[in-house]
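**Q** Here is a sequence with its predicted model. Questions after.
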Amino acid sequence: MQTGTFTATSTRSSRAKVAPAKPRTRSESLALALDSRTTVGALWRAEGKRIRCVACGHRCLIAEGRRGICKVRFNLDGQLRVPFGYVAGGLASDPVEKKPFFHVYPGSDALTFGMLGCDFHCAYCQNWVTSQALRDEAAGTSILELAPEQIIQTARHSGARLVVSSYNEPLITAEWAGAVFPAAKSAGLACAFVSNGNATPEALDFLRQWITAYKIDLKGFNDRRYRTLGGTLAAVTNGIRMVHERGLWLEVVTLVVPGFNDSEPELCDIARFIASVSRDIPWHVTAFHPDYRMTEPAATTARQIVRAAEIGMEEGLHFVYAGNAPGRVANWENTYCPGCGELLIERVGYLIRDYNITGDGKCPKCRKVVPGIWPAGGAVEVHTGGSMLDFYQRSAKRVDLS
């Protein structure tokens, strides 16, 4: 298995066609288009006549001419072909708080790219048009061929501080990140993953030399329900442990879905688990709204996510945030010093209203170190604002590539 910097030998292959020669459905047509935008991967090994993919926790054993669970990694002539050389739906300049990262360069922007496909099939996926593009005939979006240098040039032009792989599951397209991220790092940009956490040590060791921060969705604490989403609880909790053990900055998100994972015992279990890894891992509890195939549960109320945040603090976490309800969750958008309680960062949605962490990452009052990745210049490097215009300007923006 290859490790270290990933360099593609080819981004196109006329032979990389596993789908039928005469496409019958939209998904099959899309599969053919994607198959021609692949290269030989790094995260696999041969096992007899088959291939073991090690990009995600499924560890698919793939026969010749077959695909893995993600449907975008496949065995062609005894080699694993993987997505390469394109982005889905273009690029976006997102507030870093949207990822959400609350302890990574607050107030900055993250140039965000994604591809197509996922190793999960969540019924409430909010990015289903990209993640489920090869499973659902209603999904899919445009694809744009780009070189890593074009992505980095766009990031610098847009004023981004980070480059982030998101929107679909980035583990299954890790080799593409392995081409983009070295260029980003050389340009002085931080790199991050927004992932479901179904990781492997091989994939994390491949990526760790470039990644600064990693966000994981912990979707509940019930293995039976996790399996309905396409994963297992053990794989994701292990992924959280592995990311933390490798010294990557980690933030965890739980989308609180009424009737699915919102019981107080389950929320206690989630918070207790995170605290067992580190009490300093920020936990974001965010509000569900009916989307994709899960349309029956009611939207999560602000009160429900505030209660989830309270549970996180009761279980000993130092940093708990209630999201998706700006201005309606009292002080649960803010960061406070776990030592003396001093207000360190005041937020409304993605807008930083006040920033008080010192340049060396400490509370200005008690001098306690505040875990995170903070600007070395302190408050002078953080964009803040207080007006409604400032609030609306801190929104995601599609980047014009023309």
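**A** That came through fine.
**Q** Am I right that Ile281 is in contact with Val253?
**A** No - with contact defined as CB atoms under 8 Å, Ile281 does not count as touching Val253 (10.9 Å). Heads up, the C-betas are built off the backbone N, CA and C, glycines and all.
**Q** what about the most centrally placed residue in the chain, which helix or strand?
**A** The centre of the chain sits closest to Val194, judged by CA atoms, centre = their mean, with a distance of 0.9 Å. According to DSSP states H and E, Val194 maps onto strand 190-195.
**Q** Skip ahead from that strand and say which helix or strand is next.
**A** Per DSSP H and E, the first helix or strand lying C-terminal to strand 190-195 is helix 201-207.
**Q** Tell me the helices and strands packed up against that following helix.
**A** Under the contact criterion of 3 or more CB pairs under 8 Å, 6 or more residues apart in numbering; DSSP states H and E, helix 201-207 touches helix 174-186, helix 233-245.
**Q** Please repeat the previous calculation with a cut-off of 10 Å.
**A** Contacts defined by 3 or more CB pairs under 10 Å, 6 or more residues apart in numbering; DSSP states H and E place helix 201-207 against helix 174-186, strand 190-195, helix 233-245.
**Q** And it, how far out from the chain middle?
**A** 15 Å (CA atoms, centre = their mean, to the nearest Å).
**Q** Averaged pLDDT, it. What do you get?
**A** Looking at helix 201-207 alone, the average pLDDT works out to 98.
**Q** Give me the nearest residue to Val253, chain neighbours excluded.
**A** Among residues not flanking Val253 along the chain, His284 sits closest, at 4.4 Å (CB to CB, 6 or more residues apart in numbering).
**Q** In this structure that neighbour contacts Leu250, no?
**A** No - at 11.7 Å, His284 and Leu250 do not qualify as touching, with contact defined as CB atoms under 10 Å.
**Q** where do the contact lists of the two overlap?
**A** Common neighbours of His284 and Leu250, using CB atoms under 10 Å, 6 or more residues apart in numbering, are 101, 215.
**Q** Please tell me how far Cys363 sits from Leu344.
**A** Distance of Cys363 to Leu344, computed by CB to CB, to the nearest Å: 6 Å.
**Q** who touches both of the two?
**A** Counting by CB under 10 Å, 6+ apart, the shared contacts of Cys363 and Leu344 are 336-338, 356-357, 370.
**Q** mind showing which ranges of the protein have poor pLDDT?
**A** 1-24, 402 (pLDDT under 70).
**Q** Could you pick out the longest strand of this protein?
**A** If you go by DSSP state E, the chain has its longest strand at strand 249-256.
**Q** What is the distance between that strand and the centre of its chain?
**A** Mean-position distance between strand 249-256 and its chain equals 10 Å (CA atoms, centre = their mean).
**Q** In the sheet, which strands lie alongside that strand, parallel or antiparallel?
**A** When pairing is defined by DSSP bridges, strand 249-256 lines up against strand 213-217 (parallel), strand 283-287 (parallel).
**Q** Rebuild those as JSON lines, extending it with mean neighbour count and distance to Asn168.
**A** JSON lines is the format used below for the strands paired with strand 249-256 (neighbours: other CB atoms under 10 Å; distance: least, CB to CB, whole Å):
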{"stretch": "strand 213-217", "mean neighbour count": "25", "distance to Asn168": "13"}
{"stretch": "strand 283-287", "mean neighbour count": "24", "distance to Asn168": "19"}
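**Q** Would you convert those strands into JSON lines that also reports distance to Met115?
**A** As requested, those are exported to JSON lines (distance: least, CB to CB, whole Å):
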{"stretch": "strand 213-217", "distance to Met115": "17"}
{"stretch": "strand 283-287", "distance to Met115": "24"}
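**Q** And those: which comes nearest Pro106?
**A** When the strands paired with strand 249-256 are ranked by proximity to Pro106, the top entry is strand 213-217, at 12.3 Å, counting by CB to CB.
**Q** what is the orientation angle of the closest one with strand 190-195?
**A** With axes from the mean of the first three to the mean of the last three CA atoms, to 10 degrees applied, the angle from strand 213-217 to strand 190-195 works out at 10 degrees.
**Q** Counting by contacts, list what the following helix or strand past strand 213-217 packs against.
**A** Following strand 213-217 in sequence order, the next helix or strand is helix 223-229 (DSSP H and E). On a contact count with 3+ CB pairs under 10 Å, 6+ apart, helix 223-229 meets helix 233-245.
**Q** Tell me the buried residues in the helix it packs on?
**A** Using 16 or more other CB atoms under 10 Å as the test for burial, helix 233-245 gives 233, 235-244.
**Q** Kindly reformat these as TSV containing distance to Ser158.
**A** Shown next, in TSV, are the buried residues of helix 233-245 (distance: CB to CB, whole Å):
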residue	distance to Ser158
Leu233	38
Ala235	35
Val236	32
Thr237	36
Asn238	36
Gly239	30
Ile240	31
Arg241	35
Met242	32
Val243	27
His244	31
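**Q** Name the nearest of the residues you listed relative to Gly385.
**A** Val243 (32.2 Å).
**Q** for that closest one, what are its contacts?
**A** 193, 195, 197, 199, 204, 207-208, 211, 213-216, 249-250, 252, 277, 281.
**Q** And for Val370?
**A** 103, 280, 318-319, 335-339, 342, 344-345, 356-358, 360-363.
**Q** residues near Pro375, how many?
**A** Taking other CB atoms under 10 Å as the criterion, the count of residues near Pro375 is 18.
**Q** Please apply the same query to Lys185.
**A** The burial count for Lys185: 17, using other CB under 10 Å.
**Q** how many other residues sit next to the closest residue in space to it that isn't next to it in sequence?
**A** The spatially closest residue to Lys185, leaving aside those adjacent along the chain, is Trp210, at 5.4 Å (CB to CB, 6+ apart). Neighbourhood size, Trp210 [other CB under 10 Å]: 21.
**Q** Would you mind giving the domain segments of this protein?
**A** 26-84, 87-398 (automatic domain parsing).
**Q** Mind checking what secondary structure Ile352 has?
**A** Secondary structure state of Ile352, per DSSP: H, G, I helix; E, B strand; the rest coil, is strand.
**Q** OK, contacts around the closest residue in space to it that isn't next to it in sequence?
**A** In space, and not counting its chain neighbours, Ile352 is closest to Gly107: 4.3 Å by CB to CB, 6+ apart. Residues in contact with Gly107 (CB under 10 Å, 6+ apart) are 95-97, 161, 345, 347, 350-353, 355, 375, 379, 381-385, 394.
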